[in-house]
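In: Fold the following and give me the result.
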Amino acid sequence: MGRKLDALLGRKFKTSKLEATLNLAISRLSLLKNHRSARFTIALSDLVQLLRLNHHQQALLRVEQVMKDENMLEVYDMINCYCHLLKQKIGLIEKSKVCPEELKEAVSGLLYAAPRCGEFPELREIRAILTARFRNEFSAIESKMIQKLSAKQPGLEIRMKVLEGIARENGIVLLLEKFDSSDLDSPGSQPELAG
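Out: Okay, the predicted model is just below:
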């Protein structure tokens with residue numbers, strides 16, 4: 001009982017466990033990033049094909065998946081940087097009773113991302129270790145991470161801008177006047193269309 005109480009109160013902190021979990025997380029990140037990158041490439045290719053076939057409404061519906069995959073790739077990059085920073089500063093974490101100022105963003109970001117990245121058990125373990133050490137006194141979360149992990153669906157205007165950018169990059173003329181918002185099933189859609 002005493003060990004559990006010490007661990008809960010942050011009295012006994014083992015850097016070896018945190019370091020091992022960070023190493024596992026970095027390895028898992030590599031796998032997750034490769035998988036998500038492959039999904040992103042396929043989804044983007046499918047989207048470009050739909051645009052070339054003039055199926056603009058279907059493309060507008062599918063652009064959301066491309067956006068989600070791209071957001072997760074950016075989140076994985078941020079998590080990777082945070083994990084590497086914590087590995088470098090593991091000695092500082094061991095010595096400090098409160099979270100050092102230079103690590104607040106990284107620690108807060110990892111704590112925020114853990115419950116939102118379901119396929120990432122190592123991140124949940126890191127969260128448990130860090131909350132046992134520093135408790136839940138964090139508010140330095142990068143706003144970009146909050147935006148990228150938001151469950152809110154992007155609105156029609158944002159999806160159209162992304163679709164226009166993809167079309168432009170691939171030399172496809174996108175005729176926005178052809179869109180009929182009543183045909184869009186997505187909850188984020190609104191009847192504000194150009195034309």
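
In: Following element in sequence after the strand or helix carrying A43, please.
Out: Counting by DSSP states H and E, the element that carries A43 is helix 15-52. Remark: after helix 15-52, the chain's next helix or strand is helix 56-88, criterion DSSP H and E.

In: Please point out which parts of that next one sit buried.
Out: 56-57, 59-73, 75-76, 78-80, 82-83, 85-86 (16 or more other CB atoms under 10 Å). Any C-beta I mention is one placed from the backbone N, CA and C, and that applies to glycine too.

In: For that helix, name the packing helices and strands.
Out: helix 15-52, helix 104-113, helix 121-134, helix 143-148, helix 156-169 (3 or more CB pairs under 8 Å, 6 or more residues apart in numbering; DSSP states H and E).

In: how about the fourth one: buried residues?
Out: Buried positions in helix 143-148, judged by neighbour count with 16+ other CB under 10 Å: 145, 148.

In: And it, how far out from the chain middle?
Out: 8 Å (CA atoms, centre = their mean, to the nearest Å).

In: then it to PDB, C-alphas only?
Out: The C-alpha coordinates for helix 143-148 follow below in PDB (Å, rounded to 0.1, in the frame of the first residue of the first chain):
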ATOM      1  CA  SER A 143      -3.400  25.900 -29.500                       C
ATOM      2  CA  LYS A 144      -2.400  24.200 -32.800                       C
ATOM      3  CA  MET A 145      -2.700  20.800 -31.000                       C
ATOM      4  CA  ILE A 146      -6.100  21.600 -29.700                       C
ATOM      5  CA  GLN A 147      -7.300  22.600 -33.100                       C
ATOM      6  CA  LYS A 148      -5.800  19.500 -34.800                       C
END
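
In: packing partners for it?
Out: On a contact count with 3+ CB pairs under 8 Å, 6+ apart, helix 143-148 meets helix 56-88, helix 104-113.

In: could you dump the ones you listed to JSON lines with distance to V162 and mean pLDDT?
Out: Formatted as JSON lines, those follow (distance: least, CB to CB, whole Å; pLDDT from 0 to 100):
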{"stretch": "helix 56-88", "distance to V162": "5", "mean pLDDT": "94"}
{"stretch": "helix 104-113", "distance to V162": "23", "mean pLDDT": "92"}
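
In: Can you tell me which of those helices is nearest to S45?
Out: Of all these, helix 56-88 sits nearest to S45, with 9.9 Å by CB to CB.

In: before we move on, back to that, ranking the helices and strands packed on helix 56-88 by mean pLDDT, which is last?
Out: For the helices and strands packed on helix 56-88, mean pLDDT drops lowest on helix 143-148, to a mean of 83.

In: And the most centrally placed residue in the chain, how far from K144?
Out: In the chain, the centroid-proximal residue (CA atoms, centre = their mean) is V75; its distance is 3.2 Å. As judged by CB to CB, to the nearest Å, V75 and K144 stand 9 Å apart.

In: do the same with L103
Out: On the measure of CB to CB, L103 and K144 end up 18 Å apart.

In: hang on, the earlier thing: right, and the helices and strands packed on helix 143-148 - which one's nearest K152?
Out: helix 56-88 (11.3 Å).

In: thinking again about what came up before, I166: which of the helices and strands packed on helix 143-148 is closest?
Out: Of all these, helix 56-88 sits nearest to I166, with 7.3 Å by CB to CB.
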